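[1] sequence first, predicted model second:
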Amino acid sequence: MLLTTRTAVPRPRTRVTGLALAAALTVVLASCSSPDPEPAAAGGSASPSDDASATAAAAQPTSYPLTLDNCGVPVTIEAAPETVLTIKSSTTEMLLALGLVDTIAATAFPDGPVADWLADAAATNPAVATPLSEKAPGPEAVTEVEPDLVYAGWESNLTAESAGDRGTLATLGVATYVSPSACKEAAYQPNPLTFDDVFAEITEVGTIFDAADAAAELVADQRAELAAITPDDRGLTALWYSSGSDIPYVGAGIGAPQMIMDAAGLTNIAAGIADTWGPFGWEEVIAADPDVIVLVDSAWGSTEKKIAQLESNPATANLTAVQDKSYVVVPFPATEAGVRNVSAAADIVAQLAALPLTPAAG
């Protein structure tokens, strides 16, 4: 995997003092009601499709100020960000993959260890290993960092109840950017998410940071990796099991799990759910009797815990995949749209190749 480095060049900007930022965010926090919470394993989706010509065109020096439409929110970037707060693993890893490790001033809400191919870069910045918070940070944490950009994996990370309302942050000189794959408005949510959407985010982030060349190289590298994947051709069906016990929370039909399963040659038994993630009853799982179960490994729901649950419950113990122990494992940070999706698909194909199974009859 290609990994480039970029040396930050100091640029003048107006920095809001921590006291002013805290005061403004506190006012908004006190005056806003809580939005609907995003599911614990939600992935979201969005952003327009990219293509080879768009990638080539994007590989140009950025002209500032740069104005973007991000999930329906106008965002103005005055200069290449130098002090960034990343929220969620997908955003941290995006900057690491683009060689922008020095811009990461703080991280929050990690979903797990960074990918092996990004570990060396991550090791050069203590902010990656020591997040501000294990969940979405509060306004006080933002105050401490005084970022010029907050790069969030979910829209819900940028509310008055979390890192701060986007409008308020903008008035204080703090730009915000949400991973386009996580936009929830129908006009911005890709249906379904494609690898071109993921590559488009890489390109756009490269433009934001005046790192278009690095972005173009990363996209080209990932396209080559994707093209090298030979999907499993046995017609296998699969359940993407993320979390939940009474009601499983699964990879549904339009998000990153579906995109990854398609690339790996798996047929998603929950593809009919028009969402990125969603609940899927055990009765439906039993009726579908998948050939394979994709287990999402996370700190809050380990692979071992999921297997123990599947094998101890009389209803699921008789599933073909459970009887045959036909499990493949994906780390949670690779399941949300980002730079790990291509390698996740390749890894699933490799794990499937080691399973001596054939599709269930019927």
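    Done, it's in.
[2] low-confidence stretches in the stretch 151-300 of the chain?
    For the stretch 151-300 of the chain, applying pLDDT under 70 flags no range at all.
[3] any idea where the helices of it begin and end?
    Remark: helices assigned in the stretch 151-300 of the chain by DSSP state H, counting those that start in this stretch are 166-171, 195-208, 212-227, 256-264, 282-288.
[4] if you count neighbours, what's buried in the shortest one?
    Within helix 166-171, the residues that qualify as buried by neighbour count (16 or more other C-beta atoms under 10 Å) are 166, 168-170. Glycine gets a C-beta too; all of them are placed from N, C-alpha and C.
[5] just the CA atoms of it, as CSV, please.
    What follows is helix 166-171, C-alpha atoms only, in CSV (Å, rounded to 0.1, in the frame of the first residue of the first chain):
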residue,chain,number,x,y,z
ARG,A,166,-21.3,22.9,12.7
GLY,A,167,-22.7,26.4,12.3
THR,A,168,-21.4,27.6,15.6
LEU,A,169,-17.9,26.1,15.0
ALA,A,170,-17.9,27.9,11.6
THR,A,171,-18.6,31.3,13.2
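[6] check which helices and strands it sits against.
    With contacts taken as 3 or more C-beta pairs under 8 Å, 6 or more residues apart in numbering; DSSP states H and E, helix 166-171 sits against helix 18-31, strand 73-77, strand 175-178.
[7] just to revisit the earlier point, any idea which of the helices of the stretch 151-300 of the chain gets closest to residue 76?
    Proximity to residue 76 (C-beta to C-beta) singles out helix 166-171 among these, at 7.7 Å.
[8] re the thing from before, in CSV, list the helices of the stretch 151-300 of the chain along with distance to residue 305.
    Putting these into CSV (distance: least, C-beta to C-beta, whole Å) gives the following:
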stretch, distance to residue 305
helix 166-171, 36
helix 195-208, 29
helix 212-227, 31
helix 256-264, 19
helix 282-288, 16
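[9] which stretches of the stretch 1-150 of the chain have low pLDDT?
    Low-confidence segments of the stretch 1-150 of the chain (pLDDT under 70): 1-58.
[10] now do the helices in it.
    Counting by DSSP H, counting those that start in this stretch, the helices of the stretch 1-150 of the chain are 18-31, 52-58, 89-97, 119-123, 126-129, 139-145.
[11] which residues touch the third one?
    Residues lying outside helix 89-97 but in contact with it, judged by C-beta atoms under 8 Å, 6 or more residues apart in numbering, are 1, 3, 84, 86, 101, 103-104, 107, 109-112, 114-115, 118, 121-122, 128, 151-153, 179, 201-202, 205, 209, 218, 332-333, 336-340.
[12] and the angle for it with helix 195-208?
    60 degrees (axes from the mean of the first three to the mean of the last three C-alpha atoms, to 10 degrees).
[13] may I have helix 89-97 as PDB, with CA atoms only?
    Extracted in PDB, the C-alpha atoms of helix 89-97 (Å, rounded to 0.1, in the frame of the first residue of the first chain):
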ATOM      1  CA  SER A  89     -11.000   5.600  13.000                       C
ATOM      2  CA  SER A  90     -11.900   6.100   9.400                       C
ATOM      3  CA  THR A  91     -11.000   9.800   9.400                       C
ATOM      4  CA  THR A  92      -7.700   9.300  11.300                       C
ATOM      5  CA  GLU A  93      -6.700   6.600   8.900                       C
ATOM      6  CA  MET A  94      -7.600   8.700   5.900                       C
ATOM      7  CA  LEU A  95      -5.100  11.400   7.000                       C
ATOM      8  CA  LEU A  96      -2.500   8.700   7.800                       C
ATOM      9  CA  ALA A  97      -2.900   7.200   4.400                       C
END
